[in-house]
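> the following comprises the amino acid sequence and a computationally predicted model.
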Amino acid sequence: MEREIDLQKVSDGRLYSLQDLVKVGCDDCSGCSACCRGMGSSITLDPYDIYQLTQYTGKAFAQLLDESVELNVADGIILPNLKMAGEQEACVYLNAQGRCSIHTHRPGICRLFPLGRLYENGSFQYFIQIHECTKESRTKVKVKKWLDIPSAARYERFVTDWHYFLKGIQNKAMEEAMQPADEKRAALLKQVNLFILQQFYVLPYETDRDFYEQFEGRLAQAKEAAAVYINE
C-alpha cells in the first residue's frame with residue numbers, strides 16, 4: 001500500500017539504489033523483534049512473497065489463509081497480508097526466541113525494513129525511515145546485500161511492474177469511491193479483485209519454471225482483464 005509522506009520528515013533526505021551504502025546494519029538485530037509486532041495488516045504480500053512462502057512451507061495458498069495469512073482491502077484492492085496474533089500482536093512466524101522462522105523466505109516488506117520505496121516516473125528508489133527502527137549505532141550496508149534476494153535487478157523489475165499494475169486499478173477505485181454508488185462498476189471491481197486473487201495467489205506457480213516468467217505471463221492476462229474496468 002502506497003502512503004503519502006514528507007520525505008524530509010521521515011528520512012535523511014536521500015534516495016538510494018541497489019549499489020548504495022545505507023545505515024541499516026543492526027548486528028543481526030541482536031534478539032530485537034520490535035518490527036515483527038503490532039504491525040496490524042500492513043505487511044502486505046505480493047505474488048513473489050506468496051510464491052516464497054508456499055515453496056518454503058509446502059502449503060498451498062488456501063492453507064496459508066487458514067494459518068498465517070489474511071485478506072484485507074488496500075485502496076480498493078483485496079490483498080493478502082501476514083497475520084499478527086496474541087497479546088503483543090506478534091507475527092505468526094515469530095518463534096519463542098523472538099526470531100523469524102521464515103527468515104530466508106521472508107516477505108519483501110520485511111526485507112526492506114527500515115528502508116522504504118519511493119515510486120516516481122515508472123520506477124522507484126529506496127529511502128531510510130529514520131524513525132522506524134530504535135536500534136542505535138547502525139552500520140553501513142549495501143542496499144543489495146541488505147535485501148538479500150536472488151537476482152535483485154529482476155526482483156526490482158517485478159516490484160515495479162506489480163506496483164504500477166495495482167496503482168492503475170486502485171486510482172480508478174478511489175476515484176469512483178468519491179462518486180455516487182454504481183452497482184455495475186462495483187460488480188466490475190469485484191470481478192477484477194477475484195481475478196487478481198486467483199491469477200496471482202491461488203493458482204500455484206510451477207516449481208520447475210522461472211517465477212518471473214510465469215508472473216509476466218499472468219500479468220499480461222491480468223492487464224487485459226483490468227482494462228475493462230479501468231477504461232470502460
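Received it, and whenever you're ready, just let me know what you need.

> make it CA atoms for all contacts and neighbour counts henceforth
OK.

> mind listing what's buried in the host helix or strand of residue 62?
In this assignment (DSSP states H and E), residue 62 forms part of helix 61-67. Buried residues in helix 61-67, counted by 16 or more other CA atoms under 10 Å: 61, 64, 65.

> distance of the first one from residue 134?
Think residue 61. Using CA to CA, to the nearest Å, we find residue 61 at a distance of 34 Å from residue 134.

> could you do residue 207 as well?
Counting by CA to CA, the gap from residue 207 to residue 134 is 39 Å.

> pipe the buried residues of helix 61-67 into TSV and attach pLDDT and distance to residue 186 per row.
TSV is the format used below for the buried residues of helix 61-67 (pLDDT from 0 to 100; distance: CA to CA, whole Å):
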residue	pLDDT	distance to residue 186
61	97	26
64	97	28
65	96	25
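
> now the one helix or strand in the chain whose mean pLDDT sits lowest, how far from the chain's geometric center?
The weakest-scoring helix or strand in the chain, judged by mean pLDDT, DSSP states H and E, is helix 7-10 (a mean of 78). Put simply, helix 7-10 sits 21 Å off its chain's centre (CA atoms, centre = their mean, to the nearest Å).

> then stretch 134-145?
That offset, for stretch 134-145, works out to 21 Å (CA atoms, centre = their mean).

> convert the C-alpha atoms of it to CSV, please.
Provided in CSV are the C-alpha atoms of stretch 134-145 (Å, rounded to 0.1, in the frame of the first residue of the first chain):
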residue,chain,number,x,y,z
THR,A,134,15.1,2.1,17.5
LYS,A,135,18.4,0.3,17.1
GLU,A,136,21.4,2.6,17.7
SER,A,137,24.9,2.7,16.2
ARG,A,138,23.8,1.1,12.9
THR,A,139,26.5,0.3,10.3
LYS,A,140,26.5,0.9,6.6
VAL,A,141,25.4,-1.9,4.4
LYS,A,142,24.9,-2.0,0.6
VAL,A,143,21.2,-2.0,-0.2
LYS,A,144,21.6,-5.1,-2.4
LYS,A,145,23.2,-7.0,0.4
